[in-house]
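*Asks:* fold the following, please.
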Amino acid sequence: MAVCIAVIAKENYPLYIRSIPTENELKFHYTVHTSLDVVDEKISAMGKALVDQRELYLGLLYPTEDYKVYGYVTNSKVKFVMVVDSSNTALRDNEIRSMFRKLHNSYTDIMCNPFYNPGDRIQSRAFDNMVNSMMVQVC
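*Replies:* The predicted structure follows:
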């Protein structure tokens, strides 16, 4: 499963970043922020090709030696970035899509909360629990 999950605002600042193991947290922050350039490239390429705008899943952004970085963008230009361990070869593209859909649904629940101000950092126990269920359990 995922080793890092991030929700990035339209203006490219983090709303939520969670990673395990925590000793690599800075490395994952860097990986997420460097992936934003690839996300912007894919979004602009989709606009030029007149691809179906309902397709929110961006697919594999780029692989590294240890990790694979996947992207997803909402209609409101909020970006979801997921970093997956490269050694996990059993994880297929449709499973990544379903994980992003689950993340998007949980994000939508947060946005529907009348006490949440859009643009603030996400501090929701329900969102944390959902993200934890998607993360790799390190022994």
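
*Asks:* where along this structure do the strands fall?
*Replies:* 2-8, 14-19, 57-63, 67-73, 79-85 (DSSP state E).

*Asks:* buried stuff in the first one?
*Replies:* Translated: strand 2-8. Ala2, Val3, Cys4, Ile5, Ala6, Val7, Ile8 (16 or more other CB atoms under 10 Å). Every residue, glycine included, has its C-beta placed from N, CA and C.

*Asks:* could you work out the most separated pair of those?
*Replies:* Val3 and Ile8 (17.0 Å; CB to CB).

*Asks:* next, the angle strand 79-85 makes with the least confident helix or strand in the chain by mean pLDDT.
*Replies:* When each helix and strand of the chain is scored by mean pLDDT, DSSP states H and E, helix 25-49 comes last, with a mean of 86. Counting by axes from the mean of the first three to the mean of the last three CA atoms, to 10 degrees, helix 25-49 lies at 120 degrees to strand 79-85.

*Asks:* what packs against helix 25-49?
*Replies:* strand 2-8, strand 14-19, strand 57-63, strand 67-73, strand 79-85 (3 or more CB pairs under 8 Å, 6 or more residues apart in numbering; DSSP states H and E).

*Asks:* which strands or helices does the last one pack on?
*Replies:* Contacts defined by 3+ CB pairs under 8 Å, 6+ apart place strand 79-85 against strand 2-8, helix 25-49, strand 67-73, helix 93-111.

*Asks:* please identify the deepest-packed of these.
*Replies:* strand 2-8 (a mean of 24; mean count of other CB atoms under 10 Å).

*Asks:* how much does that one deviate in direction from strand 79-85?
*Replies:* 170 degrees.

*Asks:* ok, Ile122 - contacts?
*Replies:* Residues in contact with Ile122, defined by CB atoms under 8 Å, 6 or more residues apart in numbering, are Val7, Leu15, Tyr16, Tyr107, Ile110, Tyr116.
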